[in-house]
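# Predicted model and sequence below, questions to follow.
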Amino acid sequence: MKKILIIEDEINLANSIQLFLKSEKFEIILIHDGKEAIDKFYEETPALVLLDINLPNISGWDICNEIRLNSDIPVIMMTARDNEYDELKGLELGADDYIAKPVNLKILLARIKRILKIDNKSIYFYNGLGFDSRTLELTINGNKIELSPKESQILEYFIRNKGFVLSREKLINEIWGFDYEGDDRAVDTIIKRLRKKLGIFSERIKTLRGMGYSYDEDKI
């Protein structure tokens, strides 16, 4: 469950956001005072901060600056003042997004999910093999398997493109980037290691001679 720190002194608005986000399975920490907010931020280490600009004691600008000096935790700033100056200042201080009041809760939720990379396709499970693209966690029949970053990236790409033929060049461009100058056999090496970790599910990654690879989730 992702933890969100809401820093907002308008009680009714803060409570509305809290109830809505709780219904979406987020853990909420709610603070109304700027000074207390900074202490709570360091104490709780949230996944995301929803931050009002106009706060008692310490402004949202100063809180955002304090957070960004010490952390890369995402910040969404809120203000009733919908103008380019406020938006630009928030982004210059390192805020990740900006939303004007009155807050549309569904739009706010969409922005939170985008920043935290939460979507309905993030968790894959089929016939004993599970993969969570948010945590990069692979499970085989309930047992956790450690993957390297590249192994995780390739497995996620296979799953999202299951059934399609993926050439080595395509995999290189998508996983390593267009400016990669290494040997394309790196793909084969990573896939060989990934197959070994997939164990009984290794045949889901098919080699298509002269073409590349594909992911067939019905293979076991």
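Received, thanks.
# For this structure, give me the ranges with low pLDDT.
81-90, 119-121, 182, 220 (pLDDT under 70).
# residue ranges of the strands in it, please?
Secondary structure of the chain by DSSP state E: the strands cover 3-7, 27-31, 48-52, 75-79, 97-100, 123-126, 129-132, 137-140, 143-145, 205-208, 212-215.
# right, so of those, which gets closest to Asn173?
strand 212-215 (12.2 Å; C-beta to C-beta). (Glycine included, C-beta is placed from N, CA and C.)
# Domain map for the protein?
Under automatic domain parsing, the residue ranges defining each domain of the chain are 3-115, 123-215.
# Need the winner for burial among the strands of the chain.
Comparing those by mean neighbour count (mean count of other C-beta atoms under 10 Å), strand 48-52 comes out on top with a mean of 25.
# Any idea how far stretch 130-149 is from the middle of the chain?
16 Å (C-alpha atoms, centre = their mean, to the nearest Å).
# Now do it: everything it contacts.
The contact list for stretch 130-149, computed with C-beta atoms under 8 Å, 6 or more residues apart in numbering, reads 116-118, 121-125, 128-129, 152, 155-156, 159, 190, 193-194, 197-201.
# So among those, which ones count as buried?
By neighbour count, with 16 or more other C-beta atoms under 10 Å, the contacts of stretch 130-149 hold 116, 118, 124, 129, 152, 155-156, 159, 190, 194, 197-198, 201 as buried.
# Can you tell me which of the residues you listed end up in helices?
152, 155-156, 159, 190, 194, 197-198 (DSSP state H).
# Can I get these in CSV including distance to Ser167?
Formatted as CSV, these follow (distance: C-beta to C-beta, whole Å):
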residue, distance to Ser167
Ser152, 20
Leu155, 17
Glu156, 18
Ile159, 17
Ile190, 15
Leu194, 17
Lys197, 23
Leu198, 21
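# ok, the closest residue to Asp52 other than its chain neighbours to Asp33 distance?
For Asp52, ignoring the flanking residues on the chain, the nearest one in space by C-beta to C-beta, 6 or more residues apart in numbering is Glu8 at 4.5 Å. With distances taken as C-beta to C-beta, to the nearest Å, Glu8 is found 10 Å from Asp33.
# What of Lys170?
52 Å.
# what do you get for Ile140?
Distance from Ile140 to Asp33, by C-beta to C-beta: 48 Å.
# repeat for Val165
For Val165, the distance to Asp33 - C-beta to C-beta - is 58 Å.
# Then Gly210?
For Gly210, the distance to Asp33 (C-beta to C-beta) stands at 66 Å.
# now swap in Asp39 and tell me
10 Å.
# Those two: who's more crowded?
More neighbours surround Asp33 than the other of Asp39 and Asp33, with 15 against 11 (other C-beta atoms under 10 Å).
# overlap in contacts of Glu8 and Asp33?
Joint contacts of Glu8 and Asp33 (C-beta under 8 Å, 6+ apart) are Leu55.
# shouldn't Leu129 be in contact with Leu198?
Yes: in terms of C-beta atoms under 8 Å, Leu129 counts as a neighbour of Leu198; the distance is 7.4 Å.
# Give me the common contacts of those two.
140, 204.
# As PDB, could you dump the C-alpha coordinates of stretch 147-154?
Extracted C-alpha coordinates of stretch 147-154, given in PDB (Å, rounded to 0.1, in the frame of the first residue of the first chain):
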ATOM      1  CA  LEU A 147      16.200 -10.700 -11.200                       C
ATOM      2  CA  SER A 148      18.800  -8.200 -12.300                       C
ATOM      3  CA  PRO A 149      17.500  -4.900 -13.700                       C
ATOM      4  CA  LYS A 150      18.100  -6.000 -17.300                       C
ATOM      5  CA  GLU A 151      16.400  -9.400 -16.700                       C
ATOM      6  CA  SER A 152      13.400  -7.600 -15.300                       C
ATOM      7  CA  GLN A 153      13.200  -5.100 -18.100                       C
ATOM      8  CA  ILE A 154      13.400  -7.800 -20.800                       C
END
